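1. Sequence and predicted structure, then a few things I'm wondering about:
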Amino acid sequence: MGAAAIPLIVGGTILTAVSQRQQLQAQGEAAKFNALQAAENARIVRRESRKRAAAAVKGGEALKSTQKAAFGKAGVLLTGSAQDILTETERITREDIEAILTAGETGSREALFQAAQFGREAAAAKRAATIAPLATLVTGAGTAAAVGA
């Protein structure tokens, strides 16, 4: 290789550096989008779990009302085993609500963790979009200088 190759080396180096920068910028934008989407998913999971919990409360109250009406219609006093049944219905409803809310919070935390990961990826891509093309240019300049010497 001789001095005639220097323009090709320089041109190839510049094209490679530009391509690297564009690719890393696109990667950073994709990671930013993914971070925003994951954060939105966290909000959705939390909101939906609260809706399901509210529905469980309504369902539990409706069941207790139905049980009370059935006991009253049968002439059963709300004491002893009848009261135990109502108490058990309340306990099961509370457990269901707790499970729904816990699952929602767990899903929300996982989505927020994912959002943070994507945020770190976006920051890393931004740094790399500055450093990688510069490293390519320096390498290309060194190769061109070595060929010209």
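-> Yes, it's here.
2. Look at residue 133 and tell me its secondary structure.
-> Using DSSP: H, G, I helix; E, B strand; the rest coil, the structure places residue 133 in helix.
3. what about the nearest residue to it once chain neighbours are set aside, neighbour count?
-> Once flanking residues are discounted, residue 133 sits nearest to residue 17: 3.7 Å by CB to CB, 6 or more residues apart in numbering. Backbone N, C-alpha and C define where each C-beta goes, glycine included. By the criterion of other CB atoms under 10 Å, residue 17 has 19 neighbours.
4. so what's residue 17 up against?
-> 132, 133, 134, 136, 137, 140 (CB atoms under 8 Å, 6 or more residues apart in numbering).
5. what helix or strand is it on?
-> helix 6-73 (DSSP states H and E).
6. how far does that helix sit from the chain's center?
-> Relative to the centre of its chain, helix 6-73 is centred 5 Å away, using CA atoms, centre = their mean, to the nearest Å.
7. And the average pLDDT for it is what?
-> Here helix 6-73 scores 94 as its mean pLDDT.
8. and what of stretch 78-85?
-> Mean predicted lDDT for stretch 78-85 stands at 86.
9. Now do that stretch: everything it contacts.
-> So stretch 78-85 is in contact with 67, 68, 71, 76, 86, going by CB under 8 Å, 6+ apart.
10. Can I get the contacts of residue 17 in CSV including distance to residue 4 and pLDDT?
-> Listed next are these as CSV, based on distance: CB to CB, whole Å; pLDDT from 0 to 100:
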residue, distance to residue 4, pLDDT
132, 28, 92
133, 25, 90
134, 26, 90
136, 22, 91
137, 21, 90
140, 16, 89
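11. Relative to residue 12, which of these is nearest.
-> Checking the contacts of residue 17 against residue 12 with CB to CB, the nearest one is residue 140 at 7.1 Å.
12. quick one: that closest one and residue 13 touch, right?
-> Yes - shown here, residue 140 and residue 13 form a contact pair, counting by CB atoms under 8 Å, at 2.5 Å.
13. ok so, going back, narrow the contacts of residue 17 to those that are buried.
-> Neighbour counting by 16 or more other CB atoms under 10 Å classes 132, 133, 136, 137, 140 among those as buried.
14. Thanks again, I'm all set now.
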